[in-house]
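1. with the sequence up front, the predicted model follows.
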Amino acid sequence: MKQGIRQQAIPGIIGGVGPLAHIEFERRLIAFNAERGAVSDRDYPVWILINATDIPDRTQSLLGKLPDCTPWLVKYGKMLQMAGANFLVITCNTAHGFYEKVQPQLDIPWIHLMNATAAFIKSRYPGSHLVGVLATTGTLQAKLYHNSLSALGLNVIAPPLDSQLQQDVMNAIYNPVWGIKATGIEILPEPISILDNAMTWLEEQGAELVIAGCTEISVVLKKLKCNALIDIDPLDILANLTLDLAFGHQDIPIVI
């Protein structure tokens with residue numbers, strides 16, 4: 001890392017929303033910072049993390065089957081704020097369905113994962129127009145990626161909510177025996193096969209890129225056969241943006 005570059009802001013991370021989500025995110029913070037030239041402990045940023053495993057399942061909450069996640073997200077956001085965090089990142093895609101209710105109750109900005117991902121795609125792949133999204137039913141029903149992508153003129157293709165394919169994607173994530181959430185650090189063949197099929201379906205529909213719109217999908221993305229699709233991992237985008245904000249390469253958004 002270049003001499004003289006010092007940390008300007010402290011990230012606060014709400015993890016635990018997906019067993020591997022924040023661990024995978026922290027791995028990427030370390031890996032990308034090493035690629036930027038970090039060679040010693042002090043070259044890595046300070047960050048504060050809460051393993052908030054008691055937050056209700058975000059999809060079930062958005063579907064009205066479990067309590068509203070807002071109070072939990074506000075509580076942990078304020079805890080990080082009081083601990084000294086200057087901005088907030090949440091490693092769960094579906095949690096962003098509560099963004100509009102949570103952000104006004106915090107004094108630090110929550111970096112919006114979908115908006116960051118859409119901006120990255122628009123900048124990096126300006127010739128692409130049809131973006132595939134694999135995500136939880138909660139994320140799709142709330143149109144989290146749809147809204148951010150369409151605001152930049154990008155079109156979205158995703159499995160229909162009531163389709164067998166979307167049920168299979170949810171099973172790959174949630175199955176209590178072999179789903180990604182259930183098996184700790186081990187990834188079994190069943191979810192990989194399901195998500196491979198989903199990738200093939202998106203390609204057949206004309207998608208040029210595919211977003212891993214759930215952190216469980218991010219965890220297995222490199223194991224999938226994307227064929228001709230360009231795979232977009234929001235965790236990578238969020239990790240690089242977090243480093244940019246922490247070291248002052250980008251300005252932290254102002255909370256209005």
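-> Done, it's in.
2. what ranges do the strands span in the stretch 101-250 of the chain?
-> Along the stretch 101-250 of the chain, counting by DSSP state E, counting those that start in this stretch, strands occupy 130-135, 155-157, 209-213, 230-232.
3. lowest-confidence helix or strand of this structure?
-> Evaluated with mean pLDDT, DSSP states H and E, the helix-and-strand set of the chain has its lowest mean pLDDT in helix 215-220, which scores a mean of 90.
4. got a list of contacts for it?
-> The contact list for helix 215-220, computed with CB atoms under 8 Å, 6 or more residues apart in numbering, reads 17-18, 20-21, 24-25, 91-93, 134-135, 172-173, 179-181, 187, 191-192, 195, 212, 233-235. Where you see a C-beta, it was placed from the backbone N, CA and C, and this is true even at glycine.
5. which of those fall within helices?
-> Counting by DSSP state H, the contacts of helix 215-220 place 21, 24-25, 172-173, 191-192, 195, 234-235 in helices.
6. helices along this structure, start to end?
-> Under DSSP H, the chain gives helices at 21-35, 58-62, 70-83, 99-102, 113-124, 137-141, 144-150, 164-174, 189-204, 215-220, 234-246.
7. need the winner for burial among those.
-> Of all those, helix 215-220 carries the top mean neighbour count, a mean of 26, counting by mean count of other CB atoms under 10 Å.
8. convert the C-alpha atoms of that helix to PDB, please.
-> Listed next in PDB are the C-alpha coordinates belonging to helix 215-220 (Å, rounded to 0.1, in the frame of the first residue of the first chain):
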ATOM      1  CA  THR A 215     -25.000 -13.700  -0.400                       C
ATOM      2  CA  GLU A 216     -25.500 -17.500  -0.300                       C
ATOM      3  CA  ILE A 217     -25.300 -17.400  -4.100                       C
ATOM      4  CA  SER A 218     -22.200 -15.200  -3.800                       C
ATOM      5  CA  VAL A 219     -20.600 -17.900  -1.700                       C
ATOM      6  CA  VAL A 220     -21.000 -20.500  -4.500                       C
END
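9. and the ones in helices among the contacts of helix 215-220, which is closest to residue 52?
-> Proximity of these to residue 52 (CB to CB) peaks at residue 21, which lies at 10.6 Å.
10. distance check, the closest one against residue 133.
-> 18 Å (CB to CB, to the nearest Å).
11. what do you get for residue 234?
-> 10 Å.
12. mutual contacts of those two, please.
-> Common neighbours of residue 234 and residue 133 are listed as 211, 213 (criterion: CB under 8 Å, 6+ apart).
13. before we move on, the earlier item: what's the spacing between the least confident helix or strand of the chain and its chain's center?
-> When C-alpha coordinates are averaged (CA atoms, centre = their mean, to the nearest Å), helix 215-220 and its chain have centres 9 Å apart.
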